[in-house]
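A.B. asks: Sequence unavailable; structure follows:
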């Protein structure tokens, strides 16, 4: 049944106000703001009050929020440092993807005796990393531009691409009972082509926006043109088979002050223009981004969990150990100092919306029963809601080691 317009407007107003109030409350108690926004969704959603259910409008606005957040991440990314972190980011992504996948499948299939398809879906859920949640945590700890922050961002991008490929394979397996390797290869090839060409195209378009802004007499050229550019690149990413948010990231990378064109090609843009991009886009990003985090909380229906089920507790605890240990193990294979390796793994733990996509597909396709779905959701909830606390605690305990590393690098 369609929701009436005035109800949608009130829901949106409630989401924005609740996100701000809970974020302020979290900041007052020195808790990461993302936790406040996630809890706002939990309180408003079916877990507590049941006032708001996720609908297509909220999902669309949340999708725009995460796309714009990744645009901001790309905008502030040092491409040179990201390339330097390439091998480390690739190791972190691959190990953090395959270790939980193999461990999760092994525990589900061999220990709990679940069917192969169910075991694959659960294992797929454990491979996910929520780049949105991770980036917000690093941002609030002022570590987004740090060396480990650049490694995590690069790894999370690779992790998202691998997740999309796995999701496509599992969906095909669930519907047809067969897996076509050529489809997975096609997705990988399209994503690779997109990442090579999208930043170059975005850089050229940004130069056109810069020239038009210089002669325009009407206000608002920069935010209107850039939002249109980011949304267009998100659509292109979707067409290429990649997550839409990666389109926003590619556009942000191209517009960053540290982006360079290959073969010595240059498009000189006034540095003041880059500052204008930051200042005029930030209010729009801050408007839409909280909707995404509230949406993650709305999607968690903790009231449906059978808290008295023995299977639920044993199964969810086993998955939780795999979910955390698998990502920590991914960090240990990176050639960095021990304290850096640990925080790299910790930063990849939050599952958030990516894990929920896997879980929801498993539920809708009939692969998951209620107990399995509930166990998977509670693991996603734990890794999403509580990871910011122990990452913040880790930096508080070992921050002096990171500071010493940075002083030694100067």
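C.D. replies: It's in. The model shown is predicted, which means the values in this text are computed figures rather than measured ones.
A.B. asks: quick one: contacts for residue 215?
C.D. replies: The contact partners of residue 215, taken as C-beta atoms under 8 Å, 6 or more residues apart in numbering, number zero. Heads up, the C-betas are built off the backbone N, CA and C, glycines and all.
A.B. asks: how far away is it from residue 221?
C.D. replies: According to C-beta to C-beta, to the nearest Å, residue 215 stands 10 Å off from residue 221.
A.B. asks: Pass me the low-pLDDT residue ranges in the stretch 51-200 of the chain, would you?
C.D. replies: 77-85, 168, 171-172, 174-180, 183-184, 187 (pLDDT under 70).
A.B. asks: residue boundaries of the helices in it?
C.D. replies: Counting by DSSP state H, counting those that start in this stretch, the stretch 51-200 of the chain has helices at residues 56-75, 79-84, 86-106, 116-127, 131-140, 147-176, 181-215.
A.B. asks: quick one, longest helix in the protein?
C.D. replies: The longest helix of the chain (DSSP state H) is helix 370-409.
A.B. asks: ok, residue 62 - contacts?
C.D. replies: When contacts are counted by C-beta under 8 Å, 6+ apart, residue 62 is found next to 291, 292, 294, 295, 353.
A.B. asks: secondary structure class for the residue nearest to residue 58 when sequence neighbours are not counted?
C.D. replies: Closest residue to residue 58 in three dimensions, ignoring its sequence neighbours and counting by C-beta to C-beta, 6 or more residues apart in numbering: residue 295, at 5.9 Å. Under DSSP: H, G, I helix; E, B strand; the rest coil, residue 295 falls in the helix class.
A.B. asks: let's have the chain start at 264 instead
C.D. replies: Okay, residue one is now 264; in that scheme the one you just asked about reads as residue 558.
A.B. asks: Let me see the contact set for residue 558.
C.D. replies: 304, 317, 321, 322, 325, 328, 616.
A.B. asks: rewinding a little: ok and the longest helix of the chain relative to helix 379-390, angle-wise?
C.D. replies: 30 degrees (axes from the mean of the first three to the mean of the last three C-alpha atoms, to 10 degrees).
A.B. asks: what comes up buried for helix 633-672?
C.D. replies: Along helix 633-672, the positions that meet the burial threshold by neighbour count (16 or more other C-beta atoms under 10 Å) are 635-648, 650-651, 654-655, 657-658, 665, 668.
A.B. asks: Now do that helix against helix 410-439: the angle between them, please.
C.D. replies: For the pair helix 633-672 and helix 410-439, the angle between their directions (the same axes, to 10 degrees) equals 160 degrees.
A.B. asks: pLDDT of helix 633-672, averaged?
C.D. replies: The average pLDDT within helix 633-672 is 82.
A.B. asks: Distance to residue 404 added to the contacts of residue 558, as a markdown table?
C.D. replies: Putting the contacts of residue 558 into a markdown table (distance: C-beta to C-beta, whole Å) gives the following:
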| residue | distance to residue 404 |
| --- | --- |
| 304 | 22 |
| 317 | 29 |
| 321 | 28 |
| 322 | 29 |
| 325 | 24 |
| 328 | 21 |
| 616 | 21 |
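A.B. asks: Quick one: buried ones out of these?
C.D. replies: 304, 317, 321, 325, 328, 616.
A.B. asks: Identify, from these, the entry nearest to residue 540.
C.D. replies: residue 328 (18.3 Å; C-beta to C-beta).
A.B. asks: which residues sit against stretch 293-304?
C.D. replies: Counting contacts by C-beta under 8 Å, 6+ apart, the residues outside stretch 293-304 that touch it are 278, 281-282, 284-290, 396, 399-400, 403-404, 553, 556-563, 647-648, 651-652, 655.
A.B. asks: starting at the chain centroid, how far to that stretch?
C.D. replies: The gap between where stretch 293-304 is centred and where its chain is centred comes out at 16 Å by C-alpha atoms, centre = their mean, to the nearest Å.
A.B. asks: Show me the two of the buried ones among the contacts of residue 558 that sit farthest apart.
C.D. replies: Using C-beta to C-beta for every pair in the buried ones among the contacts of residue 558, the one that comes out farthest apart is 317 and 328, at 13.4 Å.
A.B. asks: so who does the most centrally placed residue in the chain touch?
C.D. replies: Averaging the C-alpha coordinates of the chain gives a centre point, and the residue nearest to it by C-alpha atoms, centre = their mean is residue 394 (2.4 Å). Residues near residue 394 by C-beta under 8 Å, 6+ apart: 333, 336, 416, 419, 420, 422, 423, 508, 617.
A.B. asks: if you set the cut-off to 6 Å instead, what comes out?
C.D. replies: By C-beta atoms under 6 Å, 6 or more residues apart in numbering, residue 394 lies in contact with residue 419.
A.B. asks: what's the answer for residue 604, then?
C.D. replies: Shown here is residue 604, whose contacts under the criterion C-beta under 6 Å, 6+ apart are 594, 595, 597.
A.B. asks: quick one: contacts for the second one?
C.D. replies: Looking back up the chat, that one is residue 595. Under the criterion of C-beta under 6 Å, 6+ apart, the neighbours of residue 595 are residue 604.
A.B. asks: same check, this time on the last one
C.D. replies: Residues touching residue 597, when contacts are defined by C-beta under 6 Å, 6+ apart, comprise 351, 354, 355, 604, 607.
A.B. asks: Who wins on neighbours among these?
C.D. replies: Neighbour counts for these were taken using other C-beta atoms under 10 Å; the highest belongs to residue 355, which has 32 neighbours.
A.B. asks: where's the closest residue to residue 563 other than its chain neighbours relative to residue 396, distance?
C.D. replies: Leaving out its chain neighbours, the residue that sits closest to residue 563 by C-beta to C-beta, 6+ apart is residue 644, at 5.2 Å. Residue 644 sits 12 Å away from residue 396 when distances are taken as C-beta to C-beta.
A.B. asks: Please apply the same query to residue 336.
C.D. replies: The spacing between residue 336 and residue 396, counted by C-beta to C-beta, is 12 Å.
A.B. asks: quick one: which of those two has more around it?
C.D. replies: Neighbours were counted for residue 336 and for residue 396 using other C-beta under 10 Å; residue 396 has more, 31 against 26.
A.B. asks: wouldn't the more buried one be in contact with residue 618 here?
C.D. replies: No - counting by C-beta atoms under 6 Å, no contact exists between residue 396 and residue 618, whose distance comes to 10.3 Å.
A.B. asks: ok, and residue 265, which helix or strand is that part of?
C.D. replies: Per DSSP states H and E, residue 265 falls between elements, in no helix or strand.
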